[in-house]
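Engineer: the amino acid sequence is not available; the structure is as follows:
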């Protein structure tokens, strides 16, 4: 366990935030037409380049009147990681560098005449990656560095102290002022003139008073007698009041009534904290200072208004401002502007006050209550789970949780009984897989409101579908306040209660963000708070934990993926699981662990489910490559692993694996006229693989759109880039057959105990693969040809008499010597000892898959461009008509498939009526909204 060293703060170490500027410029008030010398202090701000002995480069651009935000840099000189002489800094000493912007700002950045430069923007970086990534020099709080650009006119500037600075009584306050086109400067202190000069620069110092708030005004005067002024307010810190936290208060926001809240912040080793927010004009007034109770700081705010959202931050030790780590909502000055109104209506604007700095937290005394409709949900047994892994961003065109909720009928029809949402707690930016978390108690606004997520869970439960939350607790990224509160030289400080200063994994490919110290009691308490919150507040049914091999402080070498048996890690993980089950005994605890089998067996014996990655072996089988047993997927069996419990969550695809249909159509094998790469053959083989996967007892997982044969590569446009939803796949007969195969095997797996039997055998190491299930209700023999030629096969059946080829709708009479059948490549026989419900072909020329009811599905609603229509009964869609709100017919489509995609991108936004007629004369009408 890390030893925590208590920091003793002495007066000499306290400083005004404005005294430690990461960069200074010459001239102090640069204009567009000036040559500018930028001095960078590598030991300030994040100090990520402190003592770095290599070349340092500037990643730099400008903010202009064309920029939409401070993150919208224009005219960036060089790409990230591109070393140019133009952006190379000159080393002055160990931690001081100089960049000359010459001959002037406009020329250096190649700014067009019609644009006005407002700011220079910088991130400084190492010339070469260090341990796989560039070292960065940024402003405090891991923010970009900005330098104001001034107009060539009379201007006064107080560069020291910074506005809103805090000082100790008696501390020396240094003042620096500048004037542009000024003949003289005068400094006023609380209205009294204390210094003046007939030059354009002024320096002054004085001792801080004993208390109160105070003001400095710098007045610049030109030869014509015109003036300009700059004002700075500063405050004197009063002694901290030590008083116990009121009983019953938790960390974060505690709502007392419509007019008051108590805020509680855990900040070990910190001396004082102020709460700044909309309620006090973001000023560190005496009544904004929090009281102290050991390592907890707290403050009760009164006089608040109901139905009002208040933004706020914590101002800690006069050094850094952070959002509340326990907040349920944040405002992001860089990314909120890109969130559409339809996804997050009436989103509060970022505060305009100068005191707000970076991401801020939000509370209201009257949060909107959600009325739950489903209170009697019973989650499926762990061994019966059929999980659908889903990325909200890429599942629908709307990219929001509301539209996913609108498509739940589709997932219910597919038959899955659990949905695993990829991370949706607040992450950095808006466009992400979500594995770069920043806040652990807030939903990411890019997907919708908190109550939108509650409705999603509620609707899932109403359909018998469990919700599993993908949770990232191996690491956090730099916007996390828990990181920012204790950051030193660009890394977590030694006394950071939650994070390791160095990654325990020396393999740079296994390093993400900042590494949690899971041996720390602070981290363990945080983890328990996070899991408890989501189970109680959002009613999630469990968690999939990302990269749990990282939940250890054991040091692993530069090429290791930490797969060796680790007793300390096992202890940490079992403790976490036990705390979850203490709060919800039925909660799913799923690990992406992928370690040595001996360790996974211990975790399985403890009741934990573990991901079983079968992408490679199933991929080889689908593509038709079998040499050296490479297509052997027996590891999907818990018995093959020597486990006592069926706790392998086996999958062919996940968010992290290449799509098998892409593999098949790109790299598939051939023999004579048979080619795996054709869509028909690839889909047949992938469907057969799905039947084999689902037939192995134990929980299973499919990746979104795998049931349709999604075949866009994971690396298309970049691994993490957006991938288009392909609902139009449902119009293709081969993909429709594939979908029906998935739906049918899922229905069987949920309906018959044979799929949960412990008496089963796998023979899957060759081209012809077999699985036998000896069930209490039915015996099943599955045999499939993953080869490239037709083969005669004798299924390993345990009794004579009639056997039923369930997916083909035909029967076999088996004698004492068995029966031989011929399987074409990509063909399989699913033989059952009794005729099961749904005994029929799944091909589009045969009978329909089992219908749940006679509903017609129309989704999503609202929609952007494409409207998806499907029917669950035996009837086809004969006609679809779109009417406008006045009743005028707009669009007609005839003779459609059972599942169709209607492109309505040409329609104007608004309300319409869709009329659907099936081939039996049934008519269905619904209002739809085009967004």
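Structural biologist: Great, that's in hand. These numbers come from a predicted model, not from an experiment.
Engineer: in the stretch 751-900 of the chain, which spans are strands?
Structural biologist: Taking DSSP state E, counting those that start in this stretch as the test, the strands found in the stretch 751-900 of the chain are 760-763, 768-774, 779-785, 791-793, 801-805, 810-814, 821-823, 828-832, 856-859, 866-871, 877-884, 889-894, 899-903.
Engineer: okay, the angle between the longest one and strand 866-871?
Structural biologist: With axes from the mean of the first three to the mean of the last three CA atoms, to 10 degrees defining the directions, strand 877-884 sits at 140 degrees from strand 866-871.
Engineer: which other helices and strands contact strand 877-884?
Structural biologist: Counting contacts by 3 or more CB pairs under 8 Å, 6 or more residues apart in numbering; DSSP states H and E, the secondary-structure elements packed against strand 877-884 are strand 866-871, strand 889-894, strand 899-903, strand 910-918. Where C-beta positions appear, they are placed from N, C-alpha and C, glycine not excepted.
Engineer: ok, which of the ones you listed comes nearest residue 709?
Structural biologist: Within the helices and strands packed on strand 877-884, the stretch nearest residue 709 is strand 899-903; the backing value is 14.0 Å (CB to CB).
Engineer: can you pull the buried residues of the closest one?
Structural biologist: Within strand 899-903, the residues scored as buried using 16 or more other CB atoms under 10 Å are 899, 900, 901, 902.
Engineer: and the strands of the stretch 751-900 of the chain, which one is worst for confidence?
Structural biologist: Lowest mean pLDDT of the strands of the stretch 751-900 of the chain: strand 856-859, a mean of 79.
Engineer: distance of the nearest residue to residue 233 once chain neighbours are set aside relative to residue 232?
Structural biologist: The spatial neighbour of residue 233 that comes closest, neighbours along the chain excluded (CB to CB, 6 or more residues apart in numbering), is residue 215 at 5.3 Å. Residue 215 sits 7 Å away from residue 232 when distances are taken as CB to CB, to the nearest Å.
Engineer: in the buried residues of strand 899-903, find the pair that's most separated.
Structural biologist: Comparing every pair within the buried residues of strand 899-903 by CB to CB identifies 899 and 902 as the most remote, at 11.2 Å.
Engineer: mutual contacts of those two, please.
Structural biologist: Counting by CB atoms under 8 Å, 6 or more residues apart in numbering, the residues touching both residue 899 and residue 902 are 868, 869.
Engineer: mind showing which ranges of this structure have poor pLDDT?
Structural biologist: Segments of the chain classed as low confidence (criterion: pLDDT under 70) are 1-20, 841-855, 872-873, 886-887.
Engineer: domain ranges for it?
Structural biologist: Taking automatic domain parsing as the domain assignment, the record places the domains of the chain at 18-151, 252-363, 382-753, 758-832, 856-930.
Engineer: in CSV, list those along with distance to residue 225.
Structural biologist: Compiled in CSV, these are given as follows (distance: least, CB to CB, whole Å):
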stretch, distance to residue 225
domain 18-151, 20
domain 252-363, 29
domain 382-753, 47
domain 758-832, 91
domain 856-930, 57
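Engineer: ok, which of those comes nearest residue 187?
Structural biologist: Smallest distance to residue 187 across the domains of the chain (CB to CB): 15.5 Å, for domain 18-151.
Engineer: pull the longest helix from this protein.
Structural biologist: With DSSP state H setting the assignment, residue counts place helix 733-751 as the longest helix in the chain.
Engineer: what's the burial count for residue 607?
Structural biologist: Using other CB atoms under 10 Å, residue 607 has 16 other residues around it.
Engineer: distance of it relative to residue 581?
Structural biologist: Distance of residue 607 to residue 581, computed by CB to CB: 8 Å.
Engineer: find residues that contact each of these two.
Structural biologist: What both residue 607 and residue 581 touch, as defined by CB under 8 Å, 6+ apart, is the set residue 589.
Engineer: one step back: so residue 215 and residue 232 - more neighbours on which side?
Structural biologist: Comparing residue 215 with residue 232 by other CB under 10 Å, the one with more neighbours is residue 232, at 20 against 12.
Engineer: nice, that's everything, thank you.
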